[in-house]
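Q: pasting a predicted model and its sequence here:
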Amino acid sequence: MTTLKAKLQEDLTTAIRERNELHSSTLRLTLSAITNQEVAGKEARVLSDEEVLKVIAKEAKKRREAADAFTQGGRPEQAAREAAEGEFLDTYLPKQLADDELVAIVAQAVEEARAAGAEGPRAMGAVMKIVGPKVAGLAEGGRVAAVVKQQLS
């Protein structure tokens, strides 16, 4: 079984052969971010597929935020490129939860937190601790937090 990092490297080679500049530059930057993560800290290590997914998700989020910033700054061509890079990186990530699925998971977590004695907006931390592991990699933290706030108010 090949690792996700190996798949990224194979896809980079393919993109270079096909002269696909968007994909090759995006994969180069992502592999660079993965390598930086591997050598960060006191000892170099090899990232697991889960850790590589987190790096890819972080890179995709950076691209979406950059696209928004370029759009607000009046640079549509750069915004379009950043958005395209983000969409390309999304192909490596697991399918995101639909809104109704996320609301159902959060509702269940709110009930669990209330059963444990957490009540009102102060229960945010308790609910997030319950929801976090269930939606890890399947929904962005900001999106989850917004749904939790909505359910608690």
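A: Perfect, I can see it now. Residues are numbered from 1 along each chain as shown.
Q: longest helix anywhere in this structure?
A: helix 49-72 (DSSP state H).
Q: average pLDDT across it?
A: Averaged over helix 49-72, pLDDT sits at 90.
Q: packing partners for that helix?
A: When contacts are defined as 3 or more CB pairs under 8 Å, 6 or more residues apart in numbering; DSSP states H and E, helix 49-72 sits against helix 4-17, helix 21-39, helix 76-90. (C-beta placed from N, C-alpha, C; glycine too.)
Q: show me the contact partners of the last one.
A: Outside of helix 76-90, the residues that reach it under the criterion CB atoms under 8 Å, 6 or more residues apart in numbering are 22-23, 25-26, 30, 56, 59-61, 63-64, 66-68, 70-71.
Q: contacts only, for residue 131.
A: Taking CB under 8 Å, 6+ apart, one finds 105, 106, 109, 144, 148 in contact with residue 131.
Q: turn the residues you listed into CSV, including neighbour count, distance to residue 93 and secondary structure.
A: Shown next, in CSV, are the contacts of residue 131 (neighbours: other CB atoms under 10 Å; distance: CB to CB, whole Å; DSSP: H, G, I helix; E, B strand; the rest coil):
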residue, neighbour count, distance to residue 93, secondary structure
105, 19, 18, helix
106, 26, 21, helix
109, 24, 23, helix
144, 23, 15, helix
148, 24, 22, helix
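Q: now, among those, which is nearest to residue 45?
A: Of all the contacts of residue 131, residue 144 has the smallest distance to residue 45: 28.5 Å, by CB to CB.
Q: pretty sure residue 147 contacts residue 102?
A: Yes: between residue 147 and residue 102 there is a contact under CB atoms under 8 Å: 5.6 Å.
Q: sounds good, over and out.
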